[in-house]
Structure formats: structure tokens, C-alpha cells
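Visitor: Attaching a predicted model along with its sequence, questions to come.
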Amino acid sequence: MSEIVIPYTPRKLQKFLHNEMLKHRFNVIVAHRRSGKTVMCINHMIRDALTNQKPNPRYAFISPYRLQGKSTAWDYLKQFSAAIPGTKFNESELRVDFSVNNSRIQIIGGENSAAIRGQYFDGTTDITRTIILGEATKEQRDRFTRVLKGHIALSSHIFKKGTKGTDIDYLARKSLNEIGCDYDHGTGHGIGSFLSVHEAPQRIAKKTMFESVELVPGMILSNEPGYYKVNEYGIRIENLMLVKEDENNIFSFENLSWCPIECDLLEIELLNKKEIQWLNDYHNKVNLKLSKYLTEEEKDWLKTVTRPI
């Protein structure tokens, strides 16, 4: 990439902040009004966006309110980006797209917290894990294990074309239902990429809860059975999964979420051999996929929590 000159000369404080921000992943700046922090942050993002070697890098300037972000940062973003060849401005979405490396910067408002919950700049996610602080009771281990059994049953299910989410919801509840327990929410919802964490039309739920549609390849849904005892404890295990179809028109789910499941909460005697194998295989993949991002100390911890049972 050829050299690009941005019409910005940082002041002494701004230059200091630029240098400090390069040293740390997270930064908190406490500064008075008109100290130049907005201009500094905008230009820091522009430089990062243009020099990022990853595919399609995404950045956001998040203000408490979208209109506030538009009034304080949008004009600066356009001003300092204008000199970059091939830059496109989207006024309705307050977004700048750089053709140099397909990077993007967008102004986002935080007034609707649900709109940015689970949002990453290359997509959207939703995941839940349950952990124990202290010693779990036998009942808690029993309920946690039954929730996991339901999660595994749904994740492993093979089905045919035309199946709806309401047709398979029972799989996630079966083990709990056997002892007269249940949970009062759907088992799965659609996930939108940079849209909504809860997105229609696909769902996995009881027929009495929601209308359902046919599951088709490419749909992403959550798998989140749970159990809740009022004023005592709650349990949920949630991953995302992708609907897939093979050459024989057989449908299945591909797991998309990789995070350890709390083995210290298990009543292992309740699990059959296939369920134990599923959990061990899952944890092996968690370890392989995440280790490369961790320090040596963190790798040791991950090996411990993903050990075979």
C-alpha cells in the first residue's frame, strides 16, 4: 500500500496519547472538554483501519447516543478520511468504507444497549455458561447435567428437510421432563449478523410458545436449554449452531461456539457413553481452537477445565 497522508498534525497531548494507546489493548482517557480527544480517537482509528492486515477490519466510535456521535465525531471522520483514495461515505448509516483494504469505521449510539450486545465487528454472537462458586449440591449437579444432556441431544440431532424448530424442541427438554422439570422460554432463537442478537423468523420452541418456520441451510440458531429454581439458582448452557445439509439431503447442526463447560457441576453417572464422548470431543476442540490466543498460564488453566471426564 502506498503512503497516505492524512491532514492531521497531533498536538503534544494527542501525540502522547497516540503513543500510549499503541502499547496497550485497552485504554481509558480522562480529559476535559475540547482537549482534542475526539479528533485524536478518530485519527487513531483511521490509522489502525488502514494498516490492519486482517481481512475486512471493522471499527466503531460508540457514543452514549447516536445523535451525539453524529454531532461530535461524524464531521471529523469525513474530514480526515476525505484525502484517502476510494473512500465512500454512507450518511444514513454514519459509516466510512475504505477501498484500500476494505476496512470500515462506523458511528454507533449506545442508547439501545441490546443493539450492541453481542456485537463484534465481524458479526454477532450469543453464548451462556454457568459456573459454581463454592460446592454444588446434588440437586444442582443433577439439574445441570440434565440441561447439558438436552443441549447435546439438540446439537447432535440429524433431521430431514421440512423440519421446523417446534418439531425438535422436545429434545432439549426431555431429560428435565423425565423428573417433572422444565424451563419457561424457547430453546433457540435466530442470530443476525450485525442485526439483532434475537432475530426472526427461525426459532426452536414449544408449539404453544411461538410460530415456527422450516429450518434451512445457512440459518444460525442458539441452543440454550436451562433450569431455574426461584430465589436459589439458575442454569443455562448456550452455544450457537449452523444449519447444514449434506449431499444426501440430510440436515444437521454445526457448532459455532467454543467455550469450556463446567465439568465440576456434572453428575457423570447421568451421562451415557455418547454424551461423554461428545463432551470430551467438544472440549478437545475448545482447547485446540483457543490455545493459540492464550498465555502459558492461561493455556494451563484451559487444559485443566477441558480435561476428559
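Guide: Thanks, I have the structure now. Numbers count the residues shown, from 1 in each chain.

Visitor: tell me which helix or strand of this protein sits lowest on mean pLDDT?
Guide: helix 113-116 (a mean of 63; mean pLDDT, DSSP states H and E).

Visitor: Wait, Met241 touches Ile220, no?
Guide: Yes: checked against C-beta atoms under 8 Å, the pair Met241 and Ile220 is within contact range at 7.2 Å. C-beta: built from backbone N, CA, C; applies to glycine.

Visitor: okay, and the common contacts of those two?
Guide: Shared contacts of Met241 and Ile220 (C-beta atoms under 8 Å, 6 or more residues apart in numbering): Leu256.

Visitor: Where does the prediction get shaky in the stretch 151-300 of the chain?
Guide: 194-196, 210 (pLDDT under 70).

Visitor: so what's Val243 up against?
Guide: Contacts of Val243 by C-beta under 8 Å, 6+ apart are Leu215, Val216, Pro217, Gly218, Met219, Ile220, Leu221, Phe251, Phe253.

Visitor: mind checking how far the third one is from Val286?
Guide: Okay, so that is Pro217. 25 Å (C-beta to C-beta, to the nearest Å).

Visitor: Can you give me the neighbour number for the residue lying closest to Gly36 once chain neighbours are set aside?
Guide: Spatial nearest neighbour of Gly36, excluding adjacent residues (C-beta to C-beta, 6 or more residues apart in numbering): Gln14 at 5.2 Å. Residues lying near Gln14 (other C-beta atoms under 10 Å) number 19.

Visitor: Is Gln14 in contact with Thr38, as I believe?
Guide: No: using C-beta under 8 Å, Gln14 makes no contact with Thr38, being 10.5 Å away.

Visitor: need the strands for the stretch 1-150 of the chain, in chain order.
Guide: Applying DSSP state E, counting those that start in this stretch to the stretch 1-150 of the chain gives strands spanning 58-63, 88-90, 95-98, 103-109, 119-120, 123-124.

Visitor: Mind putting those into CSV with mean pLDDT?
Guide: Compiled in CSV, the strands of the stretch 1-150 of the chain are given as follows (pLDDT from 0 to 100):
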stretch, mean pLDDT
strand 58-63, 90
strand 88-90, 95
strand 95-98, 94
strand 103-109, 91
strand 119-120, 66
strand 123-124, 76
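
Visitor: Columns mean neighbour count on top of these, output as CSV?
Guide: Listed next are the strands of the stretch 1-150 of the chain as CSV, based on neighbours: other C-beta atoms under 10 Å:
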stretch, mean neighbour count
strand 58-63, 18
strand 88-90, 12
strand 95-98, 20
strand 103-109, 20
strand 119-120, 16
strand 123-124, 16
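
Visitor: Output these in TSV, with distance to Lys273 appended to each entry.
Guide: Below are the strands of the stretch 1-150 of the chain laid out as TSV (distance: least, C-beta to C-beta, whole Å):
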stretch	distance to Lys273
strand 58-63	43
strand 88-90	54
strand 95-98	51
strand 103-109	48
strand 119-120	37
strand 123-124	35
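
Visitor: now for those, which one comes closest to Val5?
Guide: strand 95-98 (14.6 Å; C-beta to C-beta).

Visitor: quick one on the thing from earlier: please identify which of the contacts of Val243 is nearest to Ala205.
Guide: Nearest to Ala205 out of these is Leu221 (C-beta to C-beta; 10.6 Å).
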